[in-house]
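Q: only geometry, no sequence info:
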């Protein structure tokens with residue numbers, strides 16, 4: 001996670017009311033904020049370093065991954081209505097945003113998914 005977030009960034013992301021996942025180019029989860037844990041009922045320890053589609057099970061994983069879209073097009077996905085699956089298997093309607101995360105040279109490191117309950 002040190003390549004992605006420093007201590008101040010983590011505090012900022014944890015203060016947001018929206019859920020936030022930071023995902024690397026291999027689609028592994030590198031950070032989950034407090035709101036994402038509450039919304040999904042999944043702790044960071046359960047998903048860190050795991051492929052994102054193995055736990056969120058969004059309908060978008062099958063028909064067009066928002067993170068793949070931003071990495072391919074370099075354009076943000078904004079206000080996408082979809083669902084994620086919580087730890088208990090229930091589908092949660094959400095509104096999702098996805099954006100690319102770049103290093104200091106402008107090269108993609110992965111992406112950020114933010115979401116809130118619909």
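A: That came through, no problem. What you see is a predicted model, and the numbers here were worked out from it, not measured in a lab.
Q: next, report how far the strand ranked longest in the chain is displaced from the centre of its chain.
A: Counting residues, the longest strand in the chain under DSSP state E turns out to be strand 91-102. Distance of strand 91-102 from its chain centroid, counting by C-alpha atoms, centre = their mean, to the nearest Å, is 6 Å.
Q: the following helix or strand past it: which residues count as buried?
A: Past strand 91-102, further along toward the C-terminus, the next helix or strand under DSSP states H and E is strand 108-117. Judged by neighbour count (16 or more other C-beta atoms under 10 Å), strand 108-117 contains these buried residues: 109-115. From N, CA and C alone the C-beta is placed, and that goes for glycine too.
Q: okay, now the closest residue to residue 38 other than its chain neighbours: neighbour count?
A: If the residues on either side of it in the chain are set aside, residue 38 comes closest to residue 19, at 7.8 Å by C-beta to C-beta, 6 or more residues apart in numbering. When neighbours are defined as other C-beta atoms under 10 Å, residue 19 has 24 of them.
Q: how about the contacts made by residue 19?
A: By C-beta atoms under 8 Å, 6 or more residues apart in numbering, the residues touching residue 19 are 32-33, 35-40, 94, 113-116.
Q: how about it, phi and psi?
A: Main-chain dihedrals, residue 19, degrees, to the nearest 10: phi -70, psi 140.
Q: ok, it to residue 31 distance?
A: 11 Å (C-beta to C-beta, to the nearest Å).
Q: and the closest residue to residue 94 other than its chain neighbours, what pLDDT?
A: Leaving aside its sequence neighbours, residue 94 sits nearest to residue 115 (C-beta to C-beta, 6+ apart; 4.4 Å). Predicted confidence (pLDDT) for residue 115: 95.
Q: can you tell me the SS state at the residue lying closest to residue 58 once chain neighbours are set aside?
A: Distances taken as C-beta to C-beta, 6+ apart put residue 84 closest to residue 58, at 5.0 Å, once the chain neighbours are dropped. Secondary structure for residue 84, judged by DSSP: H, G, I helix; E, B strand; the rest coil, is strand.
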